[in-house]
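Engineer: any chance you could fold what I've pasted below:
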Amino acid sequence: SKSMEIPGATETAVPTVERVSAHSHIRGLGLDDKLNAREESQGLVGQKTARKSAGIIVKMIQAGAIAGRGILIAGPPASGKTAIAMAISRELGADIPFTSVSGSEFF
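Structural biologist: Model (predicted):
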């Protein structure tokens, strides 16, 4: 292939990040000690109210105050439900499985 030269331009190495799945970059909820969401942290941006609510759920699970084995997160398409769910799983530890299920799989 031909290379185009642009006068005055310099070449810069661009770091690459390997993504294994759609939300593989998420490492947690990105909350401070008072459960306030940071603007951008642990792979999540925005959704501050939802992240704070998820932090409360995490604390309740850690305290043993929630019965059951799952959490149902409802909302419109592309609103960050799967990202929040994965962040909850990551906050709880490596031994907590994350299973994404679509609502249409229940009837």
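
Engineer: what about the residue nearest the centre of the chain, helix or strand, and which?
Structural biologist: Among the residues of the chain, the one closest to the centroid is residue 83, at 3.7 Å (C-alpha atoms, centre = their mean). According to DSSP states H and E, residue 83 maps onto helix 81-92.

Engineer: quick check: which ranges of the protein have low pLDDT?
Structural biologist: Residue ranges of the chain with pLDDT under 70: 1-4, 14-24, 107.

Engineer: can you list the buried residues in the lengthiest helix in the chain?
Structural biologist: Secondary structure of the chain per DSSP state H: the longest helix is helix 48-62. Across helix 48-62, burial judged by 16 or more other C-beta atoms under 10 Å covers 50, 51, 53, 54, 55, 57, 58, 61. In this view, the C-beta of every residue, glycine as well, is placed from N, C-alpha and C.

Engineer: go through the residues you listed and name the one nearest residue 39.
Structural biologist: residue 51 (10.8 Å; C-beta to C-beta).

Engineer: skip the chain neighbours and tell me the closest residue to the closest one.
Structural biologist: residue 37 (4.1 Å; C-beta to C-beta, 6 or more residues apart in numbering).

Engineer: cool, and residue 61?
Structural biologist: residue 92 (6.4 Å).

Engineer: go on, residue 80?
Structural biologist: Looking at residue 80 with C-beta to C-beta, 6+ apart, the closest residue is residue 47, at 5.0 Å.

Engineer: shouldn't that neighbour be in contact with residue 37?
Structural biologist: Yes. Shown here, residue 47 and residue 37 form a contact pair, counting by C-beta atoms under 8 Å, at 7.4 Å.

Engineer: comparing the two, which residue is more hemmed in?
Structural biologist: Taking neighbours as other C-beta atoms under 10 Å, residue 47 and residue 37 compare with residue 37 leading, 22 against 19.

Engineer: still on that earlier bit, between the helix holding residue 83 and helix 48-62, how big is the angle?
Structural biologist: 40 degrees (axes from the mean of the first three to the mean of the last three C-alpha atoms, to 10 degrees).
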